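[1] Generate a structure from the sequence data that follows.
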Amino acid sequence: MFPIICFSQKKKTAFISYFVPISKDVKKKYYVSNRNVDYYKYCSRIADNKYSLTNNSSILNSDSKKILFNNIFNKAKNGELVVYQHNDGLDFYGPAPEGNWIGEKKISNKNEIKQAISYEKSRDSIDNEGFTFYDDNGDNIFIYFLDECKIDDFIGIKFYEEWTFDYKNLTIDKKILYYAPAIKAINPITLELVGLRCPFIVENKNLKTKQIIATDFYTNTDIFCNRETNDSWFKDNLEPSVKFPFIKEAMTNENNSFYECSPPYNKKISNVEALSIEAFRDSISDDDEPVFDKNGEEIKIKFLEYYLQDEINSLGFIENWFFDDRTSSFSKDVSGISLEVLNYEGESEPIFLLKK
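    Next up is the predicted model:
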């Protein structure tokens, strides 16, 4: 087995897989556990009918989503795009570097693709006069059929990327090696949304033309969480030897310039604003008793509480996305990186932005 992380003095490389929602149908808040602490995260793998309003999350506009749908799903089912069978479950098989593959690398044919991007649905069996057929027990007879996914079913993309961390310049370059478009997973009986699934995986190629799909697209990952993962090359968590040097440099280098992590991402903030938060504590007398004002209200003392490096639980990225409709391939230009902590509501949020 290959080593997971490649080391150098100034740069380190990791192979990461993570899901990026592109649709309002994705429920972005869910619980994770990190260092035995449960908290909310955004960018969920779970889909829901209701849209959770969250900060710092982006979706693709309808025009960009249509370009991707036509050049990925439609090309795939028409045989114009080479796609591979993909399993992201317990018996994982999928990509590894240098053209290797864990498990069998099998190209899907047209019939397999059409079935993979379709939903199994059911309807009543009805005769020519509109009457419903029943079986001997008086129960409705259902007809099961396949219904191809539509553009509204396209809710996200799972990327398989090579990340290069530059500790000196505090940048992360992303090279997309593979991607797997995700569609809604629906219960065939109740037709309720129960999650998402990736019908196939595509090998990303070098772009010949660069068509911009998204500008200042913000997404965050939970790659700092320690989870048991499949025995695959691409991991959905980042090892401490890679993440902590980056966090330390981001939070301690006095020459860093910090920005507010909210559109249009150009408001500069001070080191104190970036690295601390206002907090309050009770005012205690020399007798270790609370101190009250003339109205009988307990006096609170305001102070600055500085974030600790160990509190950083995830990274956020501001990116421009490019797409080549000839090769159906992506590229990303990372223009900003944010560090995220838990707020008082137990939700993950950015504390500052580092711009490229």
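
[2] Give the burial count for the nearest residue to residue 118 once chain neighbours are set aside, as a bare number.
    Of all residues not flanking residue 118 in the chain, residue 146 sits nearest, at 4.0 Å (CB to CB, 6 or more residues apart in numbering). For every residue, glycine as well, the C-beta is placed using N, CA and C. Neighbour count of residue 146, defined by other CB atoms under 10 Å: 11.

[3] Let me know the distance separating residue 146 from residue 324.
    To residue 324, residue 146 is 30 Å away according to CB to CB, to the nearest Å.

[4] who's the residue nearest to residue 118 bridged to?
    With DSSP bridges as the criterion, residue 146 is bridged to residue 120.

[5] That one and residue 16: what is the separation?
    34 Å.

[6] same question, residue 214
    19 Å.

[7] Check residue 332 too.
    Using CB to CB, we find residue 332 at a distance of 12 Å from residue 16.

[8] Residue 302 too?
    Applying CB to CB, the value for residue 302 to residue 16 is 40 Å.

[9] before we move on, what about residue 86?
    On the measure of CB to CB, residue 86 and residue 16 end up 17 Å apart.

[10] residues contacting the residue nearest to residue 118?
    With contact taken as CB atoms under 8 Å, 6 or more residues apart in numbering, residue 146 is in contact with 114-115, 118-121.

[11] who does the longest strand along the chain touch, helix- and strand-wise?
    In the chain, taking DSSP state E as the definition, the longest strand is strand 171-186. Judged by 3 or more CB pairs under 8 Å, 6 or more residues apart in numbering; DSSP states H and E, strand 171-186 is in contact with strand 94-95, strand 154-166, strand 193-197, strand 202-203, strand 314-324, strand 329-342.

[12] Please identify which of these is closest to residue 308.
    Of all the helices and strands packed on strand 171-186, strand 329-342 sits nearest to residue 308, with 8.9 Å by CB to CB.

[13] just to revisit the earlier point, comparing residue 302 and residue 16, which shows the higher neighbour count?
    Neighbour count, other CB under 10 Å: between residue 302 and residue 16, residue 16 has more, with 19 against 8.

[14] helix, strand or coil for that one?
    Recorded secondary structure, residue 16: strand (DSSP: H, G, I helix; E, B strand; the rest coil).

[15] Use 24 as the first number for this chain going forward.
    Sure, I'll start counting at 24 from here, so that last one is residue 39.

[16] what's near enough to touch it?
    Counted by CB under 8 Å, 6+ apart, residue 39 has contacts 183-186, 244, 246, 257-259, 261.

[17] Out of those residues, who's the most crowded?
    If you count neighbours using other CB under 10 Å, the busiest of the contacts of residue 39 is residue 257, which has 25 neighbours.

[18] Would you confirm that that residue contacts residue 37?
    No: judged on CB atoms under 8 Å, residue 257 makes no contact with residue 37 at a distance of 9.3 Å.

[19] and the closest residue to residue 215 other than its chain neighbours, how many neighbours?
    Nearest residue to residue 215, sequence neighbours excluded (CB to CB, 6+ apart): residue 209, at 6.9 Å. Residues within reach of residue 209, counting by other CB under 10 Å, total 21.

[20] State the pLDDT value of residue 209.
    Looking at residue 209, its pLDDT reads 75.

[21] Neighbours of the residue nearest to residue 362 when sequence neighbours are not counted, how many?
    Closest residue to residue 362 apart from its sequence neighbours, by CB to CB, 6+ apart: residue 335 at 5.0 Å. Using other CB under 10 Å, residue 335 has 22 neighbouring residues.
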